[in-house]
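1. here is a sequence with its predicted model. Questions after.
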Amino acid sequence: MSLLSLNNVEVAYDKVFLAIKGVSLDVEEGAMVAILGANGAGKSTTLKTISGLLAPERGAIRRGQVTFRGEDIGPHNPPQRVRMGLVHVLEGRRIFEHLTPDDNLLAAYPGRHAKSRYGDLRDQAYAYFPRLAERSRTKAGYLSGGEQQMLAIARALMTEPRLIMLDEPSLGLAPVLVKEIFSIIRTINQTQGTSVLLVEQNARAALDIVDHAYLLENGHVVMSGSAEALKQNPDVQEFYLGGG
Ligand code: ATP
């Protein structure tokens, strides 16, 4: 059984416009999966549908089902989904800029366990992102773009997710930093078994770390397969990898 399944999901922002048109996809337990596609293809809408962030009257599911850990999560609100182990790192990071990384992590800690658990989770997050640990007491607004992205991911880890969804973590970052962050994401996946659903326009970087990917165009899944198979595909090479 998949950890997450979308079955023929249609989402509309108004009466006529369907932003995603019958999307089906699966994320297996422990897998790393990417959704690739151009601007406006429907990638962010798909993630927001999964995390429940779209207001019911805008971005309503017209058809289909989202199943997480075997349960139809349609009726659950976003905090309930986070408690089930589903966390979404939004595009643009959205950290608390006036707080330090320490306080950002504390704010994200759900607090259902003892304070000592918070300390353990924070130390674990800093172990993945040593660069962030060095700046743990600087206001987050003064961190570089890459460090802010690291903080956004570290904050998501405080909820102890089973599935972490990342919307364009590479946005605005230099290639060397994209490489560093993607490699840390892979390490988190391998050491903790956390599943990852990654939305990216940077197909090349994404296909280097994921197991499986879906290509979204105009609200439709037009292709899916193993990262290796997609990298070999001539259409993918031409349209997504810039000619090979
Ligand atoms: P990007 O990388 O630019 O975020 P995307 O693949 O994530 O692109 P979406 O943001 O999901 O694409 O957008 C899919 C379609 O839905 C686009 O045509 C977009 O204009 C439209 N759309 C997105 N958000 C809204 C909204 N709040 N209201 C109306 N239409 C929207």
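-> Sure, I can see it.
2. please count neighbours and contacts with C-alpha atoms only from this point.
-> OK.
3. quick check: mean pLDDT of the top helix by length along the chain?
-> What stands out as the longest helix in the chain, according to DSSP state H, is helix 175-192. Helix 175-192 carries an average pLDDT of 95.
4. same for it, what does it pack against?
-> helix 145-157, helix 203-209 (3 or more CA pairs under 8 Å, 6 or more residues apart in numbering; DSSP states H and E).
5. now the angle from the first one to helix 175-192?
-> Think helix 145-157. Helix 145-157 and helix 175-192 are oriented at 20 degrees to each other (axes from the mean of the first three to the mean of the last three CA atoms, to 10 degrees).
6. hmm, back to that, which of the helices and strands packed on helix 175-192 sits most buried?
-> helix 145-157 (a mean of 24; mean count of other CA atoms under 10 Å).
7. name the next helix or strand downstream of it, please.
-> Next helix or strand after helix 145-157 toward the C-terminus (DSSP states H and E): strand 163-167.
8. what pairs with that following strand, parallel or antiparallel?
-> Taking DSSP bridges as the criterion, strand 163-167 sits next to strand 86-89 (parallel), strand 195-200 (parallel) in its sheet.
9. just the buried positions in it, please.
-> L163, I164, M165, L166, D167 (16 or more other CA atoms under 10 Å).
10. equivalent analysis for stretch 105-118, please.
-> By neighbour count on 16+ other CA under 10 Å, the buried set for stretch 105-118 is L105, L106, A108, Y109, Y118.
11. for that stretch, the distance to its chain's centre please.
-> 21 Å (CA atoms, centre = their mean, to the nearest Å).
12. render the CA-only coordinates of it in PDB, please.
-> Output of stretch 105-118 as PDB, limited to C-alpha atoms (Å, rounded to 0.1, in the frame of the first residue of the first chain):
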ATOM      1  CA  LEU A 105      12.300  25.500  15.400                       C
ATOM      2  CA  LEU A 106      10.600  26.000  18.800                       C
ATOM      3  CA  ALA A 107       7.600  27.600  17.100                       C
ATOM      4  CA  ALA A 108       7.300  24.600  14.800                       C
ATOM      5  CA  TYR A 109       7.600  22.000  17.600                       C
ATOM      6  CA  PRO A 110       4.100  20.600  18.200                       C
ATOM      7  CA  GLY A 111       4.700  20.200  21.900                       C
ATOM      8  CA  ARG A 112       2.800  17.000  22.400                       C
ATOM      9  CA  HIS A 113       5.900  15.500  24.000                       C
ATOM     10  CA  ALA A 114       8.200  16.700  26.700                       C
ATOM     11  CA  LYS A 115      10.600  19.600  26.400                       C
ATOM     12  CA  SER A 116      13.500  17.000  26.100                       C
ATOM     13  CA  ARG A 117      12.000  15.800  22.900                       C
ATOM     14  CA  TYR A 118      12.200  19.300  21.500                       C
END
